[in-house]
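Visitor: requesting a structural model of the entry that follows:
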Amino acid sequence: MQLISLESVSFSYDNADAPALDAISLGIAAGEYLAVVGANGSGKSTLLRLLNGLRPAASGRVLVDGMDASQPANARAVRSTVSLVFQSPPDQIVASVVEEDVAFGPENLGLSRSEIASRVTEALEAVGLAEERRRPPHFLSAGQQQRLAVAGALAMKSRCVAFDEATAMLDPPSREAILSLMDALVAKGVAVVHVTHDMSEAVRAGRLVALDAGRIVFDGGPEEFFGSICEDALGGLSCLVAPPALRLARGLGIEGAARETAVAMASRLADRLEAARAATSDLPPAASAPAASAAEPAALRDTVSAPAAEDAAFDLAHVSYSYLRGTVNQSPALGGVTMSVPRGSVLALVGRTGSGKSTLLQLLDALAFPSEGRVLSFGEDTAAPGTDLRRLRTRAPIAIQRPESALFEPYAGDDVAFGPRNLGLSGRALVERVKRAMERAGLGFDRFRDRRTRSLSGGEKRMLALAGVLALEPEALLLDEPTAALDPAAKERVLELVFGLAREGATVVMATHSMEEAARCDLVAVIAAGSLAAFGPPRSVFYEDYRSSWGIGRPFACEFVQTLRARGADFPQEPLTLDELGELLRAPLHASASASVSDEAASVMPSAAGRRA
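Guide: You can find the predicted model right below:
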């Protein structure tokens, strides 16, 4: 018997052009690990809400442990059986203290106080929030709130936990911890349903279901699925891409595996590369030069500072900031940050969840003011008396971590028009401004302008919020995790937009947990425990200055090269992207008869955009 069974289930939102789910039939067994993938708006989040009765099926049946999930009498039992971790954590945070929020579900089950306390402690320790148990949730970073939502689900000890992009705003170590939690749940016989746009996460599941326009278009093993999308056999899922190791292997014409990490793949190829080097002039044989060390540098440079910027968009001097300063709950967020951001550059802010990235963006936007030090925005002191803050915020607006939460107009076009209208635009000029911004964000004006804002998918709402910022036509753009919870194609559109704005002279400061994205930026700033730990071009941050203690991880290419070096290979080049790595590896692999690459295989080398020229 299946734990969860969907029988020809359909569901539609009010005023939607098409059903969100269309005749879905699906079974989920106890202890099964199921990944659900698809483009933004394909029906993934709607599917999860049907699993525990938050949305009733318009037609068909959803059975949970034999109970009809649409029947109000079954609601408590169904939601005890299936716990959800929402895409937007604030949607399920209900208490004013972290530990009380985790206790909310178990309390509603009528458990004893001792059992509730035990579950709360166990859940908070599992997600790394034990030290935050008495803090108000709204003082947590978005990533910490995401972990809090996971803790609330774990405390229910349900037979199935469904995660909706639960790792989207987490740093690499925190993301790996949550993924390991999923593995542990499955090992205990708990079913896991994981909606994700990260194909490296999806491949960990035992089974994968792909949705397109509300229908199941694939149901099978991850290896089979990723082989299909590499061959473009699932046309409607062209927005998805295979994991990096598989893309690299296919581009080189060698055997690959979807589950392979950069370290595993590099180790496998190390011996082969060493043999190939002797036969090519592109790279010297290892014997001709000492092997590179994989050890961390003994120390960072004496002074960590920004490159000189004669005409900086933003300039910070010895900036510190504390929340609730002067109270017993004072919490330091930033300390002694000094850096300059040149006009027309793209700066990536990276660091652990809660390290201070969002606070730094708020300081740049003059939404917060330094406790100490000075912040200049286009030469103006944000905290000086008489500063026109409205003009500064319009000149350099911010898109917050969950920008979709700031949408408030009933219709999409009106929401984008709000900012320009307040700047005095009206009539044809306003319409043209809104149209330009929506088209640039990938939301066709004619298709989306009259759509109800609440009917949009999570990804579409995020793109709409970005369009609202673009409609201001600012000189600088401050983005907090702009690609989180977007499918790969939408992420690429956002990045192309960012780099396009920079080519036109705009300055972009972007917080991200994706080191692949950071590697494509002009500059990278590493924030560690509220301090500026490193600042410079991506190549120096991810190679020469890199420290694992920052907790940010490295791009696939960097991890690959460092593994080769640790194996004794002399690999003097320092690629940042898959494209760069593939070009460097192709020549030595061509030189080895056992690893020849045909022209046809070479032609499928992944070509997702490289760094901005």
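Visitor: flag the shaky bits of the stretch 1-150 of the chain, pLDDT-wise.
Guide: Filtered on pLDDT under 70, the stretch 1-150 of the chain yields the residue ranges 1.
Visitor: please export the C-alpha coordinates of stretch 130-149 as PDB.
Guide: Backbone C-alpha positions of stretch 130-149 (Å, rounded to 0.1, in the frame of the first residue of the first chain) are rendered in PDB as follows:
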ATOM      1  CA  ALA A 130      20.300  25.300  19.200                       C
ATOM      2  CA  GLU A 131      22.100  28.600  20.200                       C
ATOM      3  CA  GLU A 132      19.300  30.700  18.700                       C
ATOM      4  CA  ARG A 133      16.400  29.000  20.500                       C
ATOM      5  CA  ARG A 134      15.400  32.000  22.600                       C
ATOM      6  CA  ARG A 135      15.800  34.600  19.800                       C
ATOM      7  CA  PRO A 136      12.800  36.100  18.000                       C
ATOM      8  CA  PRO A 137      12.500  34.600  14.500                       C
ATOM      9  CA  HIS A 138      12.300  38.000  12.800                       C
ATOM     10  CA  PHE A 139      15.900  38.600  14.000                       C
ATOM     11  CA  LEU A 140      17.100  35.500  12.100                       C
ATOM     12  CA  SER A 141      18.600  35.700   8.600                       C
ATOM     13  CA  ALA A 142      16.500  34.300   5.800                       C
ATOM     14  CA  GLY A 143      18.700  31.200   5.700                       C
ATOM     15  CA  GLN A 144      18.300  30.700   9.500                       C
ATOM     16  CA  GLN A 145      14.500  31.100   9.100                       C
ATOM     17  CA  GLN A 146      14.600  28.400   6.500                       C
ATOM     18  CA  ARG A 147      16.300  26.100   8.900                       C
ATOM     19  CA  LEU A 148      13.800  27.000  11.600                       C
ATOM     20  CA  ALA A 149      11.000  25.900   9.200                       C
END
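Visitor: hmm, V498 is touching L478, no?
Guide: No: in this structure, V498 sits apart from L478 without contact. The criterion is Cβ atoms under 8 Å, and the distance is 11.5 Å. From N, CA and C alone the C-beta is placed, and that goes for glycine too.
Visitor: where does I24 land in three-state SS?
Guide: When classified by DSSP: H, G, I helix; E, B strand; the rest coil, I24 comes out as strand.
Visitor: OK, contacts around it?
Guide: Listed by Cβ atoms under 8 Å, 6 or more residues apart in numbering, the contact partners of I24 are L6, S8, V9, S10, G43, L47, G60, G214, R215, I216.
Visitor: show me what the first one is bridged to.
Guide: Put plainly, it is L6. The residues listed as beta-bridge partners of L6 by DSSP bridges are L26, V62.
Visitor: now for this protein, the helix or strand with the poorest mean pLDDT.
Guide: Of all helical and strand segments in the chain, the minimum by mean pLDDT, DSSP states H and E falls on helix 599-602, at a mean of 36.
Visitor: spatially, what comes nearest to T261 if we skip its sequence neighbours?
Guide: In space, T261 comes closest to A245 once its chain neighbours are excluded; the distance is 6.7 Å by Cβ to Cβ, 6 or more residues apart in numbering.
Visitor: ok, now L84?
Guide: Among residues not flanking L84 along the chain, A162 sits closest, at 5.1 Å (Cβ to Cβ, 6+ apart).
Visitor: my read is that the one you found contacts T81, right?
Guide: No: contact between A162 and T81 fails when scored by Cβ under 8 Å: they sit 10.9 Å apart.
Visitor: neighbour count: those two, which is higher?
Guide: Remark: of A162 and T81, A162 carries more neighbours, 27 against 22, as counted by other Cβ atoms under 10 Å.
Visitor: before we move on, what SS does the residue nearest to L84 have?
Guide: Here A162 takes the strand state, with states given by three-state DSSP.
Visitor: mind listing what G356 touches?
Guide: G356 makes contact with Y321, A333, L334, I527, A529, G530 under the criterion Cβ under 8 Å, 6+ apart.
Visitor: and which of those residues is nearest R343?
Guide: Nearest to R343 among the contacts of G356 is I527, at 21.6 Å by Cβ to Cβ.
Visitor: of the contacts of I24, which is the most crowded?
Guide: Within these, neighbour counts (other Cβ under 10 Å) peak at L47, which reaches 28 neighbours.
Visitor: contacting residues around that one?
Guide: Under the criterion of Cβ under 8 Å, 6+ apart, the contact partners of L47 comprise L21, I24, V36, V195, L211.
Visitor: try L532
Guide: When contacts are taken as Cβ under 8 Å, 6+ apart, L532 is in contact with V304, G336, V337, T338, M339, A525, V526.
Visitor: so which one among the residues you listed has the lowest pLDDT?
Guide: Per-residue confidence across these is lowest for V304, with 43 (pLDDT).
Visitor: ok, back up a step: in a markdown table: the contacts of L47, plus secondary structure.
Guide: Formatted as a markdown table, the contacts of L47 follow (three-state DSSP):
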| residue | secondary structure |
| --- | --- |
| L21 | strand |
| I24 | strand |
| V36 | strand |
| V195 | strand |
| L211 | strand |
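Visitor: any idea how far the residue nearest to L84 lies from L154?
Guide: When distances are taken as Cβ to Cβ, to the nearest Å, A162 and L154 turn out to be 13 Å apart.
Visitor: between the two, which contacts overlap?
Guide: Between them, A162 and L154 share the neighbouring residues S83, with contact defined by Cβ under 8 Å, 6+ apart.
Visitor: now P244: closest residue in space that isn't a chain neighbour?
Guide: Counting by Cβ to Cβ, 6+ apart, the nearest residue to P244 once its immediate chain neighbours are dropped is F556, at 4.4 Å.
Visitor: can I assume the one you found is in contact with F542?
Guide: No: using Cβ under 8 Å, F556 and F542 do not qualify as a contacting pair, with a distance of 10.9 Å.
Visitor: still on that earlier bit, so which bits of the helix or strand hosting the residue nearest to T261 are buried?
Guide: Secondary structure assigned from DSSP states H and E places A245 in helix 244-252. Across helix 244-252, burial judged by 16 or more other Cβ atoms under 10 Å covers P244, A245, L246, R247, L248, A249, R250, G251, L252.
Visitor: which residues of the stretch 301-450 of the chain fall in helices?
Guide: 357-364, 389-395, 412-422, 427-440, 445-448 (DSSP state H, counting those that start in this stretch).
Visitor: out of those, indicate the one that is most buried.
Guide: Comparing those by mean neighbour count (mean count of other Cβ atoms under 10 Å), helix 357-364 comes out on top with a mean of 25.
Visitor: in terms of secondary structure, what does it contact?
Guide: The criterion is 3 or more Cβ pairs under 8 Å, 6 or more residues apart in numbering; DSSP states H and E, and the helices and strands that helix 357-364 contacts are strand 312-323, strand 331-342, strand 346-351, strand 372-377, strand 398-399, strand 476-480, strand 507-511.
Visitor: P89: which of those strands is closest?
Guide: The closest of the helices and strands packed on helix 357-364 to P89 is strand 476-480. By Cβ to Cβ, the value is 14.6 Å.
Visitor: what's the next secondary structure element after that closest one?
Guide: Using DSSP H and E, the helix or strand that directly follows strand 476-480 along the chain is helix 488-503.
Visitor: picking that back up, from the buried residues of helix 244-252, which single one is nearest R462?
Guide: Each of these was checked against R462 using Cβ to Cβ; the closest is P244, at 23.6 Å.
Visitor: list the contacts for E260?
Guide: Residues in contact with E260 (Cβ under 8 Å, 6+ apart) are P243, A245, L246, A249, R268.
Visitor: am I right that the third one is in contact with S228?
Guide: No: L246 lies out of contact with S228 (Cβ under 8 Å); the separation is 11.8 Å.
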